[in-house]
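>>> give the three-dimensional model of this entry:
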Amino acid sequence: MAERVQQPPAKRLCCRPGYSSTCRQGQRTGGAACSGSSQAGSCKTQSPETLLDIAARKVAEKWPFQRVEERFERIPEPVQRRIVYWSFPRSEREICMYSSFNTGGEESGVAGENSDETRLPFRRGVALVESGCVENVLQVGFHLSGTVREPATATDPEASYSVAISFDRCKITAVTCGCGDRDIFYCAHVVALSLQRIRRPQQARLHLPISETLLQMSRDQLQKLVQYLITVHHTEVLPTAQRLADEILSQNSRSTRCTVRRRRRRRRSGQGQGQGQGQEQKKGRLEVKGAPDPTAGASVEDENCWHLDEEQVQEQVKLFLSQGGYHGNGKQLNLLFAKVREMLKMRDSNGARMLTLITEQFMADPRLALWRQQGTAMTDKYRTAVGRAGCSVDVCGVEPALSGGAQDGNHGSELPNLSHSLPQGAHGNQEPAGRPHRTVFTRAIEACDLHWRDSHLQRIIGNDLDTGCCYRDAADGSLFDSRGRPMWHEHVPTACARVDALRSHGYPREALRLAIAVVNTLRRQQQRQLELFRRHKKGVASISNSEGWVGHPLDPIGILFSTLTETGRGGDDASPSFLDPPDCVAQPKRVELQSLPQRCPPQEGEPCLALAVETALLGLGQQRNMPEGLYAQEKVGRSEEQLIARLQEVELDHTLVKIFRKQAVFLLEGGPYSALGEIIHRESVPMHTFAKYLFSALLPHDADLAYRIALRAMRLPVLESGATASDLSRPHHIVCVVHNRYPRWFTLSHIESQQCELASTMLTAAKGDSRRLETVLESIQKNIHSSSHIFKLAQDAFKIATLMDTLPDITLLKVSLELGLQVMRMTLSTLNWRRREMVRWLVTCATEVGVYALDSIMQGWFTLFTPTEATSIVATAVMSNATVVRLRLDGRQQESLAASARTLALQCAMKDPHNCALSALTLCEKDRMAFETAYQIVLDAAATGMSHTQLFTIARYMEHRGYPGRAYKLATLAMPHLSLSYNQDTHPAINDVLWACSLSLSLGKSELAAVVPLVVKSVKCATVLSDILRRCTLAAPGVGGGVSVGVALPGRRNSGKMMSLDKAPLRQLLDATVGAYVNTTHSRLTHISPRHYGEFIEFLGKARETFLMAHDGHAQFTQFIDNLKQIYKGKKKLMMLDHHTGLLKTKPPFI
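This next block holds a predicted model:
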C-alpha cells in the first residue's frame, strides 16, 4: 500500500555537540560514506557472527534509537552503523503480508480461486527485483530510498518511480512512491525496494543519520551544502529555504546552543505523513531548540508497528457496504478478515487495529439506525458480513497470555460497544422471551473477560501434564479420561474460541494441545450420554440442544477440525506462501494421512487426522434444534455442507474406517443426544446431507451399517405430524403443517431436496438387491411427503433400471412403478401442473414392467386417475399399436388388454359422461355391445345436463362413423340446450345449427319438420335464421310474384315435388325469420347513433330480401317501413340517408 503523500517530517530534533550538557562528546570523528559491502557480510558466509553483530541485531529489534543515545554517552560510529544496518526488516514474510492478500494460510483458497497471482504486488515486486529494475539504493540512517524502473509493456512505456521507506525496529513505518497508486497494501515498487535491501544489502550504500553527517561539517561546508541543495532544487525548496532562514535569524539572539529534543508523534497510518500535519509542525519546529532529522529513527514515545493505510481499509469497507447483493461482491471483505487473522497469527498489532476499523465502519453505516428504528431485519448480505466481523472480534478480543506469571492480554478495550447496536427484525434471530438479547458481537464482548490463569489449562497448553498429580477432580468433572488423556471442561464453543485465539495469535502447538483436550472431553461426554441412555432408556424423552455446534457463530467444530489438520500439516508455520517459487504454490487438494504427523503430542499417540475426522463426525451427528430466522437456518446448512466437503477431501484408510464405524454405532445408539438416535425432537435439524456422506463412505466397507444410517436419517418429523394424504409438493403445505409453530422453517424446500437425494443414493446403490430395495421403498413412502420429490425418485429409479448397456432390472422397475402409483394417489385430488406428464410417464413405466402392470392400473384406475385421464391417456395408450409392438403381444393378450380398456372407458363414461363419453365411444368402436352401451350412456346423460357443444361433437362423430340417424337424434337433444339471442351472429354454435339443419334436410321432410321448431325456439338471431332458410330453399329460375318458391327433397325421400314456403315446415321458419328481423330492427333503432346509420341501412337491405321471399312480402315490408318512419320520424339524418339510397322505395325491384 504505497502511501502516496510526502515523506513524514523528522521524528526528533538533533543538535551539534558541545552546546548542551546532555549532548554526546566525541561525535566529531570523521566518517566518510561507507560501502554496504564493508559492513554487511554475505549471507552465505560460514564464519560465525561477531559479538557486535549479535548485540546490534538484538538492539535494533527491541530498542528505539533515542533510548540507545540516551543510555550511552558515547556510541562509536561502527556500532551505530551496525544498529542502523540491522534495523531494516529482515524477513520477506512480513513484506508479503503487507503486499498481498494471500500468503498461503487457511484462507488461501478464498483469494486464489479466480485471481491472477502474477498481478499481485508482491509477485510483481519479486519480478522487478529479479530483473534488476531497482537502482540507486541508498540508506541514510533509518530511511531507505531508491529508483524502481517499470519495464515497457505492449500498452505502457517504460517508467521510473522514486521510492522512499522509513523503518524502525525491523518494521516499515512509512512509505512513499511516485506511482500514485492507492491501495490497502504496498505497491510493487515498495516491495521491490524492500526485497532488494533484504536480499542484496551489500548493494545499498549505508550512511548514518543525516544529522550525524551534518555535525561533522564546518560552517563553510554547511553553507555550501545548503546552497548546492537550493541550486539543484531551487523551484521546490527556494521559497521554503528563505522563509526558514528569516525565522531562524529572527530567533538567533535567543538561542546559541542546541539541545536534542524530541516530539511525540503517533505513528498511525496516514497521521503526520500528509501536508496537513506538516503545516502544523511548521509553527512549532522553530520554537524548539534543535532541528528535525527525518533519518534519525524513532523516539521512545513512538508506537512500534508496521505501516497500515487506515483510510484505504475504511474505503474498502464502505465500498462493500455501498454495493448491492451481487454474487462475489463480498470477496474483498472476506479477504480483509483473512488478513486480520493472518496479522494476529503473526502477532502484529495492526490485526486488532484493522478489525477495529472494519467494525467501526459497520457501526457507522446509516442503514443500521434505519433498520433499528423501523424494526426490520438486516439484509442477508449485511448479516453475513456482520457475523463474520463478530467472529473475528471474538478471536481478536482474547489474546492468550502464555508467559509465566503474565496477565491475560486482550484487545477488548479497543473494540467499540456493540452489544445493542444491531437491529432485530421479523426474520432476525430473535431470542426467546425472558432471555437477554444477544447479537453477534455479544459473545465477542464476553470473550474479553475470559482468563487463562487456570492451572490445568496452563498445564495443557504448556504440555506439562502428570496424570498422577493431585489435581484430579471427581468422576463427572475429571481432568483426565480413563486412559490418562487430558480433558478441558468448558462450554464447547468457548473452549474452541480459546483454540482459535491461540492459532490466530501465533501459538499453533498450544492450540493443538488444547484442541486435543477438548476432543477428549467431547468423546468422554458422548460415551457417558450413551451409558446414561442405556440405563434409563424408557424414561428418557426427546432432547435437542438449542445451540448446535455446526452452524454456531463461533464454528467450534470447524475450529477443531482446522486445528487438528492444518496445524498438524504445518499450515501455521510452514504453509506454502508467495515466498515459494510459483510452481510450488499449488498444493494437492486431497488430504492424505501420510502428509500429517502420524502421532499427536506424546500423551496422545493418535493421528491428528483421525481426531479431526472423529470430531467432525461427532459434531455433525449432534442433535440440535433448527434455529430461528432465515439467515441462521441457511448458515446451518452451509456450515454442514462446508464441513462435509472438507471431510470428502480425506482419503479413508483402515484407521479412519474404524472411526467411521464406531461413530456410526454411537449415532444409532446414542438416544436423544444423537440426531440419528431412536428418539429425536420434532424440530431437530435433519441429517440427510450428513447421512448421505456417511452412507457413501461406509458402503464399500460395511453395507449393513451404511443402510441403517441412511434409513434412520430419512425421517423428517416436522412434517410427519401434519402430513396428510393430500399433495404436499406445493408451498401451501408449509402453512397447513407448521402454521401454529414458531419459528418457520424457511429452508424446508432445500431440506426436502436433500432428503430426496439421500433416497436416490440408496436406490442407486441397492440396484439388484430386492430386499434392500423393498426396505428403501418403504422408507420413501413413509418419510417423503412431497409428490414432486417422489416423482423425481421414480424417474431416477426408472433411468437406473433401464440403462442402455444392461438388461432392465425388473425389481427396480417395480419400485419405480410403486413410487409412481404413490404420486398418482397424492396428486389425484389436487391441482398439479405436471399431472399429465406424471400420468404419461406412469403408463410408460407400467409398459416396461409388463402386461400385468398395465392391467393392474386399469383395474384400479379410480384410485389413480380422473375419468378424463383414464380414457384420454391411459386407455388410449394401452390400445395403441406402439404398446402392442413394445410388449410383443399375441392376439389373446391384445384382446384381454382391449377388454380391460373398454371396461375402463365405460366406467369412466358413467362417472363423467360429459368429458368421457366421446372417448368411450371411440374406444368401444370394435365391440358392438360395448359401443351400444356407451351410446346409451350418452343418451341418458343428454337429459341430465350435457352441454350442446358436447352433444353436437358426439353427433358429428356419429355421422362420421356412418350413423346419421343417431347423429340426428343427438342433434335434436342438443338443440334445446342452445340459445342464440338477436345479436349473437358470431356464436361458435352457429355452425352446429347449420350442420343439424343440413343433416335433417338430407334425411327427409319429417326430420326437417321436427328440427325447425327446435331451431325457431333456440335461435333468435335474424341473420342466422335467414341463412338457414336460404340453405333449405332452392329458387326456381324465373320466379316472380305469385310463383311459389319450393325445394326438392333430396335422397331417397325425394319425390320430385317442391316444398312450399307457404306450408310447414318452411313457413314456420320464414315467419320466425321475418319476426326476428322486425324485433332486431326495433332493438337497434332504440339505441342507434349516427355513426351506425350506414350499418343499419345495410341490415335493412338483408331484411327486405327475406321479406320478399313470401308472396305478400312486398306489402309486409312496405308496411314495416311506414311504421318505422312514423315511430322514428325524429331521426331526420337517418331518413335523409335513406332518401339518397332509395332503400325504402315501395316498388319491388322486379316490376
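>>> work out the gap between the helix or strand harbouring Gln1068 and the centre of the chain.
Taking DSSP states H and E as the criterion, Gln1068 maps to helix 1066-1086. Using C-alpha atoms, centre = their mean, to the nearest Å, the mean C-alpha position of helix 1066-1086 is found 70 Å from that of the whole chain.
>>> helix or strand next in line after it, which one?
Scanning onward from helix 1066-1086 (DSSP H and E), the first element met is helix 1093-1107.
>>> identify each buried residue in that following helix, please.
1093, 1096-1097, 1099-1100, 1103-1104, 1106-1107 (16 or more other C-beta atoms under 10 Å). C-beta: built from backbone N, CA, C; applies to glycine.
>>> what comes up buried for stretch 1105-1119?
So, applying 16+ other C-beta under 10 Å, buried residues of stretch 1105-1119: 1106-1111, 1113-1114, 1117-1118.
>>> my guess is Ser162 is in a helix, correct?
No: per DSSP: H, G, I helix; E, B strand; the rest coil, Ser162 lies outside any helix segment and is strand.
>>> residues near it, how many?
15 (other C-beta atoms under 10 Å).
>>> so who does it touch?
Each residue near Ser162 by C-beta atoms under 8 Å, 6 or more residues apart in numbering is listed here: 145-147, 177-178.
>>> of those residues, closest to Pro48?
Gly146 (31.3 Å; C-beta to C-beta).
>>> what strand or helix carries that closest one?
If you go by DSSP H and E, Gly146 is part of strand 143-150.
>>> next one: Leu643
Here Leu643 is assigned to helix 630-648, by DSSP H and E.
>>> now do that helix, average pLDDT.
Mean pLDDT, helix 630-648: 91.
>>> so after it, what's the next helix or strand?
helix 654-669.
>>> after that next one, next one along is what?
Immediately after helix 654-669, counting by DSSP H and E, sits helix 688-698.
>>> related to what we said a few turns ago, can I get the strand holding Gly146 as CSV, trimmed to CA atoms?
Extracted as CSV, the C-alpha positions of strand 143-150 are listed here (Å, rounded to 0.1, in the frame of the first residue of the first chain):
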residue,chain,number,x,y,z
HIS,A,143,15.5,6.0,5.8
LEU,A,144,15.8,3.9,2.6
SER,A,145,15.4,5.4,-0.9
GLY,A,146,15.8,4.2,-4.4
THR,A,147,14.6,4.2,-8.0
VAL,A,148,12.4,1.4,-9.4
ARG,A,149,12.2,1.0,-13.2
GLU,A,150,9.0,-0.4,-14.6
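>>> can you list the strands that that strand pairs with?
strand 134-140 (antiparallel), strand 159-168 (antiparallel) (DSSP bridges).
>>> pull out the buried positions in the shortest one.
Read it as strand 134-140. Quick answer for strand 134-140 (16+ other C-beta under 10 Å): 134, 137-140.
>>> what's in contact with that strand?
36, 84-85, 88, 128, 144-149, 192-193, 196-197, 203-210, 295.
>>> now the helix or strand hosting Glu774: mean pLDDT?
Using DSSP H and E, Glu774 maps to helix 770-783. Helix 770-783 comes out with an average pLDDT of 95.
>>> how far off helix 688-698 does that helix point, in degrees?
170 degrees (axes from the mean of the first three to the mean of the last three C-alpha atoms, to 10 degrees).
>>> please export the C-alpha coordinates of helix 770-783 as PDB.
Extracted in PDB, the C-alpha atoms of helix 770-783 (Å, rounded to 0.1, in the frame of the first residue of the first chain):
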ATOM      1  CA  SER A 770     -34.600 -56.900  -3.900                       C
ATOM      2  CA  ARG A 771     -34.500 -57.000  -0.100                       C
ATOM      3  CA  ARG A 772     -32.800 -53.600   0.200                       C
ATOM      4  CA  LEU A 773     -34.900 -52.100  -2.500                       C
ATOM      5  CA  GLU A 774     -38.000 -53.100  -0.600                       C
ATOM      6  CA  THR A 775     -36.700 -51.500   2.600                       C
ATOM      7  CA  VAL A 776     -35.800 -48.300   0.800                       C
ATOM      8  CA  LEU A 777     -39.100 -48.100  -0.900                       C
ATOM      9  CA  GLU A 778     -40.900 -48.400   2.400                       C
ATOM     10  CA  SER A 779     -38.800 -45.700   3.900                       C
ATOM     11  CA  ILE A 780     -39.500 -43.400   1.000                       C
ATOM     12  CA  GLN A 781     -43.300 -44.000   1.100                       C
ATOM     13  CA  LYS A 782     -43.200 -43.300   4.900                       C
ATOM     14  CA  ASN A 783     -41.000 -40.300   5.200                       C
END
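>>> past that helix, which element shows up next along the chain?
Following helix 770-783 toward the C-terminus (DSSP H and E): helix 787-801.
>>> quick one: list the elements packing against that following helix.
helix 748-765, helix 810-827, helix 835-849 (3 or more C-beta pairs under 8 Å, 6 or more residues apart in numbering; DSSP states H and E).
>>> could you dump those helices into JSON lines with mean pLDDT, mean neighbour count and distance to Cys608 added?
Below are the helices and strands packed on helix 787-801 laid out as JSON lines (pLDDT from 0 to 100; neighbours: other C-beta atoms under 10 Å; distance: least, C-beta to C-beta, whole Å):
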{"stretch": "helix 748-765", "mean pLDDT": "95", "mean neighbour count": "21", "distance to Cys608": "30"}
{"stretch": "helix 810-827", "mean pLDDT": "95", "mean neighbour count": "22", "distance to Cys608": "43"}
{"stretch": "helix 835-849", "mean pLDDT": "95", "mean neighbour count": "19", "distance to Cys608": "51"}
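>>> please, where are all the helices along the stretch 1001-1150 of the chain?
Assigned by DSSP state H, counting those that start in this stretch, the helices in the stretch 1001-1150 of the chain fall at 1005-1018, 1022-1031, 1066-1086, 1093-1107, 1113-1127, 1132-1141.
>>> relative to Gly850, which of the buried residues of stretch 1105-1119 is nearest.
Closest to Gly850, out of all of these and judged by C-beta to C-beta, is Thr1106, at 66.5 Å.
>>> Asp1027 is in contact with that closest one, correct?
No: between Thr1106 and Asp1027 there is no contact under C-beta atoms under 8 Å: 10.3 Å.
>>> disregarding residues adjacent in the polypeptide, which is nearest to Phe791?
Distance criterion C-beta to C-beta, 6 or more residues apart in numbering; nearest residue to Phe791, sequence neighbours excluded, is Val823 at 4.7 Å.
>>> distance from the host helix or strand of Glu531 to the middle of the chain?
Remark: Glu531 resides in helix 508-535, with elements defined by DSSP H and E. Chain-centre distance of helix 508-535: 34 Å, with C-alpha atoms, centre = their mean.
>>> buried ones in the helix holding Glu774?
For helix 770-783, a neighbour-count test (16+ other C-beta under 10 Å) marks 772-773, 776-777, 779-780, 783 as buried.
>>> which elements pack onto that helix?
Using 3+ C-beta pairs under 8 Å, 6+ apart, helix 770-783 sits against helix 703-713, helix 748-765, helix 810-827.
>>> among the ones you listed, which is nearest Arg372?
helix 748-765 (29.3 Å).
>>> what would the helices of the stretch 1001-1150 of the chain look like in JSON lines with mean pLDDT and distance to Thr953?
As requested, these are exported to JSON lines (pLDDT from 0 to 100; distance: least, C-beta to C-beta, whole Å):
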{"stretch": "helix 1005-1018", "mean pLDDT": "88", "distance to Thr953": "17"}
{"stretch": "helix 1022-1031", "mean pLDDT": "83", "distance to Thr953": "20"}
{"stretch": "helix 1066-1086", "mean pLDDT": "80", "distance to Thr953": "25"}
{"stretch": "helix 1093-1107", "mean pLDDT": "74", "distance to Thr953": "31"}
{"stretch": "helix 1113-1127", "mean pLDDT": "75", "distance to Thr953": "38"}
{"stretch": "helix 1132-1141", "mean pLDDT": "54", "distance to Thr953": "44"}
